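Chemist: model the following, please.
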Amino acid sequence: MSDSIALRAEGLYKVFGKHADQAVSRLEEGASRDELGAGTTAAVIDASFEVQRGEIFVVMGLSGSGKSTLIRMLNGLHDVTAGTVEIGGDLITDIPAKKLRDIRRKRVSMVFQHFALLPHRTVLDNVAYGLEIQGMPKTERDAKAREVTGIVGLAGWEEKLPSQLSGGMQQRVGLARALAADTDVLLMDEAFSALDPLIRREMQEQLLELQATLGKTIIFITHDLNEAMFLGDRIAVMRDGRIVQIGSPEDILTDPANEYVEQFVADVDRTRVLTAESVMRKPRASVHPAAGPHVALKIMRDEQLSAVYVTKRDRTLIGWVTDRDALDLVRQGVTSLETIIRDNHGAVAKDTSLADLFIPVVEAQLPLAVIDERGRLVGVVPRVTLLSALGGEPETEASPRPDPLPTEVVDEALEAAVETGTIDAKEVQ
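Modeler: Okay, here's the model as predicted:
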């Protein structure tokens, strides 16, 4: 297994009831769940996927879809009926109980929906519990537990009992306990679903903050699609025991695999899932500052633009110029754009959510510039593109804002510049 893969599941089946092996054979031959008969339940059917190191992989589905059974197969809490699970290249299915217990202690930890805290132990002792099971000396494990307790925002609460904490704080203790174990894979089974909405959102945001710092491999189970879209690097959608689609949040939202997924995502807040990169268009034109106002004006004339972005040779965004400003320079005989380049305060990063584009798009006099992590112009978001992305409607042409100068005005100025020798005639052809 590749070093980049933290966990691999292949051909997983879990059948409860009698004659489980026969049920797997029937399912492999195409039988449905309902055809297995009374007393036999196929909870998971032929589930296969890989989880990359450092990613949040979300398994999403309605009640009864098999997601909670699946996650319990990933750490051996449920035996598999068929198939295999590997963690870091080590097989955890059909192995001796002693070896499985050792893998659970050192390779995979779990955060439960209902916290599963020990009521008679303090916060610090709860967080240190996994380290105690591993045999770590008390001084060392207390120091580690205290460090992780601070990371999850519970510094000062180490000596409190779980009964003295709010629901959100108790879940932080559960998360800290899993993080303290420092395992390769962190499993989270509906970890935030018992929390009030505001606290739940806080925990989601804190998980992403922790992930940005710690880079853990997380498999997160949820029935909440918005939670899945907010947290997941990739999402596996389950229905009736089967995984029906795996993809990025954008893939799931914009290219659903079937009608079920399409209906499932119908009410998702698209503005929190789609990003500037997902809706941007290739810039129609840009100009290098050394090109001068004549070339800038010609580009704007040819493209029927009222303004154009100015970039370096490597596409690093500098700013933008208008046709009127460039025309003034041409009439004055000035050959440099430097004095008319306007600062580009409205540019957005390509991972900016659509919800955060509304104000910049409205304020921008050009289609909104999208830049990468190196500040290079990689695309633009016209206002009409943003509106069509939100409404799911095809784009229609929209006139530039503001209207470009009349072509005859630009041509007249350029011809005058040629006659006076300010520019060569080839530059305006």
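Chemist: and the pLDDT at residue 382?
Modeler: With respect to pLDDT, residue 382 has a value of 87.
Chemist: and the one 4 residues further on, by the same measure?
Modeler: Residue 386 carries a pLDDT value of 80.
Chemist: would you confirm that it contacts residue 278?
Modeler: No: using C-beta atoms under 8 Å, residue 386 is not in contact with residue 278; the gap is 11.0 Å. (Glycine included, C-beta is placed from N, CA and C.)
Chemist: which one of those two has more residues nearby?
Modeler: Neighbours were counted for residue 386 and for residue 278 using other C-beta atoms under 10 Å; residue 386 has more, 24 against 19.
Chemist: host element of the more buried one?
Modeler: helix 383-391 (DSSP states H and E).
Chemist: tally of neighbours for residue 23?
Modeler: Residue 23, neighbours per other C-beta under 10 Å, totals 25.
Chemist: over to residue 8?
Modeler: 18.
Chemist: where's it relative to residue 152, distance?
Modeler: Distance from residue 8 to residue 152, counting by C-beta to C-beta, to the nearest Å: 29 Å.
Chemist: and residue 53, by the same measure?
Modeler: Taking C-beta to C-beta, one finds residue 53 at 22 Å from residue 152.
Chemist: can you list the strands that the helix or strand hosting residue 43 pairs with?
Modeler: In this assignment (DSSP H and E), residue 43 forms part of strand 40-52. Within its sheet, strand 40-52 is paired with strand 5-17 (antiparallel), according to DSSP bridges.
Chemist: quick one: average confidence on the strand it pairs with?
Modeler: Mean pLDDT, computed over strand 5-17, is 93.
Chemist: off-centre distance for it?
Modeler: Distance, stretch centre to chain centre, for strand 5-17: 25 Å (C-alpha atoms, centre = their mean, to the nearest Å).
Chemist: burial measure for residue 101, as a count.
Modeler: 12.
Chemist: looking at this, it is in a helix?
Modeler: Yes: applying DSSP: H, G, I helix; E, B strand; the rest coil, one finds residue 101 inside a helix.
Chemist: and it, what pLDDT?
Modeler: 84.
Chemist: list the buried residues for the strand holding residue 43?
Modeler: Neighbour-count burial for strand 40-52, counted by 16 or more other C-beta atoms under 10 Å, picks out 40, 41, 42, 43, 44, 45, 46, 47, 49, 50, 51.
Chemist: go through the helix or strand following it and flag the buried ones.
Modeler: Downstream of strand 40-52, the next assigned helix or strand under DSSP H and E is strand 56-60. Buried residues in strand 56-60, counted by 16+ other C-beta under 10 Å: 56, 57, 58, 59, 60.
Chemist: nothing else from me, thank you.
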